[in-house]
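Enquirer: no FASTA, just this:
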């Protein structure tokens, strides 16, 4: 990371936030990602999240490999990489959501931002609140 975040808030973004922000850069959800790029908060990411974003960009948005790799490099450059030493099984309906929880716990996150109903249903995990992107933007004063 090249500069310190404006806020000490440690945040994990769910894959759906990245994908929505990249697919719809004109929508308000894209502000969540732009605030990360501006270092308005301390972004945490894990290899499993990077991998899921890459797969989704290729499969759903049909981005070519060069564009996907450029985006993944930007994510790695912007965020603190967290390598969880734990493996959780909290959300059997969507095990990929467990990777977000693992990142948050291992990275001592203050917040998880997600639009995913499985994660949001929890409301919090290990005292880490799970909030919608719109609520997070309000927290940032955006």
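Expert: Arrived safely, thanks for sending. Remember, it's a predicted structure, so these values are computed and weren't measured experimentally.
Enquirer: ok, now which ones touch residue 99?
Expert: 46, 48-49, 52, 84 (CB atoms under 8 Å, 6 or more residues apart in numbering). (Glycine included, C-beta is placed from N, CA and C.)
Enquirer: gap between the helix or strand hosting it and the chain center?
Expert: Residue 99 belongs to helix 95-106 when elements are defined using DSSP states H and E. Its chain's average C-alpha position is 10 Å from that of helix 95-106, according to CA atoms, centre = their mean, to the nearest Å.
Enquirer: returning to that earlier point: the contacts of residue 99 into TSV, with extra columns for pLDDT, secondary structure and neighbour count?
Expert: Putting the contacts of residue 99 into TSV (pLDDT from 0 to 100; DSSP: H, G, I helix; E, B strand; the rest coil; neighbours: other CB atoms under 10 Å) gives the following:
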residue	pLDDT	secondary structure	neighbour count
46	97	coil	21
48	96	helix	17
49	97	helix	24
52	95	helix	19
84	92	coil	18
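Enquirer: what's the farthest-apart pair in these?
Expert: With CB to CB as the measure, no two of these lie farther apart than 52 and 84, at 13.9 Å.
Enquirer: next structured bit after the helix or strand bottoming out on mean pLDDT in the chain?
Expert: Averaged element by element with mean pLDDT, DSSP states H and E, the chain has its least confident helix or strand at helix 117-122 (a mean of 84). Once the chain leaves helix 117-122, the next helix or strand it forms, by DSSP H and E, is strand 124-125.
Enquirer: in the least confident helix or strand of the chain, what counts as buried?
Expert: Buried residues in helix 117-122, counted by 16 or more other CB atoms under 10 Å: 118-119, 122.
Enquirer: what's the answer for stretch 86-105, then?
Expert: Buried residues in stretch 86-105, defined by neighbour count with 16+ other CB under 10 Å: 88, 91, 96-105.
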